[in-house]
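**Q** dropping a prediction and its sequence here:
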Amino acid sequence: MTRMREHHPDMTAWLSVLVPLLVMFFALGMERVESKLRESTVRPEELDELLERPRPDEVRALFRQGTGRALELFRLRNRVQRGRRSTKRDKAA
């Protein structure tokens, strides 16, 4: 019984060192996750437009890979459409 009491203060010392370290590493990890989420924000208007008139490949990407990939395809489609509109305007002028 006395042996257990001798090891008890050692365990308390280890826990008092390890618990704050674990909390600190968890907080640092969560900060990294939060910064990545902050960078990949989506404008609500853009998401509304995607959901109003989606193409099959965009729906498939939304289902399989999430919002990020679907919006990437949507933005690519919009760039191509805008490019076609500007060349039509140039030809008309």
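**A** Sure thing, it's come through. Numbers count the residues shown, from 1 in each chain.

**Q** from Q81, how far off is L18?
**A** Noted for L18: a distance of 56 Å to Q81, by CB to CB, to the nearest Å. Yep, even glycine has a C-beta here, placed from its N, CA and C like the rest.

**Q** same question for L51.
**A** Plainly put, L51 is 17 Å away from Q81 if you go by CB to CB.

**Q** helices and strands of this protein: which one bottoms out on pLDDT?
**A** Across the helices and strands of the chain, mean pLDDT, DSSP states H and E gives its lowest value to helix 67-92, namely a mean of 71.

**Q** tell me the first helix or strand C-terminal of the longest helix anywhere in the chain.
**A** When the chain is scanned for its longest helix (criterion: DSSP state H), the result is helix 2-39. Heading C-terminal from helix 2-39, the first helix or strand you meet, by DSSP states H and E, is helix 44-52.

**Q** hey, C-alpha coordinates of that next one in PDB?
**A** Output of helix 44-52 as PDB, limited to C-alpha atoms (Å, rounded to 0.1, in the frame of the first residue of the first chain):
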ATOM      1  CA  PRO A  44     -23.800  33.000 -50.600                       C
ATOM      2  CA  GLU A  45     -24.800  34.400 -54.000                       C
ATOM      3  CA  GLU A  46     -22.400  32.100 -55.700                       C
ATOM      4  CA  LEU A  47     -23.700  29.000 -53.900                       C
ATOM      5  CA  ASP A  48     -27.300  30.100 -54.600                       C
ATOM      6  CA  GLU A  49     -26.500  30.400 -58.300                       C
ATOM      7  CA  LEU A  50     -24.900  27.000 -58.300                       C
ATOM      8  CA  LEU A  51     -27.900  25.400 -56.700                       C
ATOM      9  CA  GLU A  52     -30.400  27.100 -59.000                       C
END
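
**Q** buried sites along that helix?
**A** Residues L50 are the ones in helix 44-52 that count as buried (16 or more other CB atoms under 10 Å).

**Q** distance from it to the middle of the chain?
**A** Its chain's average C-alpha position is 18 Å from that of helix 44-52, according to CA atoms, centre = their mean, to the nearest Å.

**Q** packing partners of it?
**A** Here helix 44-52 touches helix 67-92, going by 3 or more CB pairs under 8 Å, 6 or more residues apart in numbering; DSSP states H and E.
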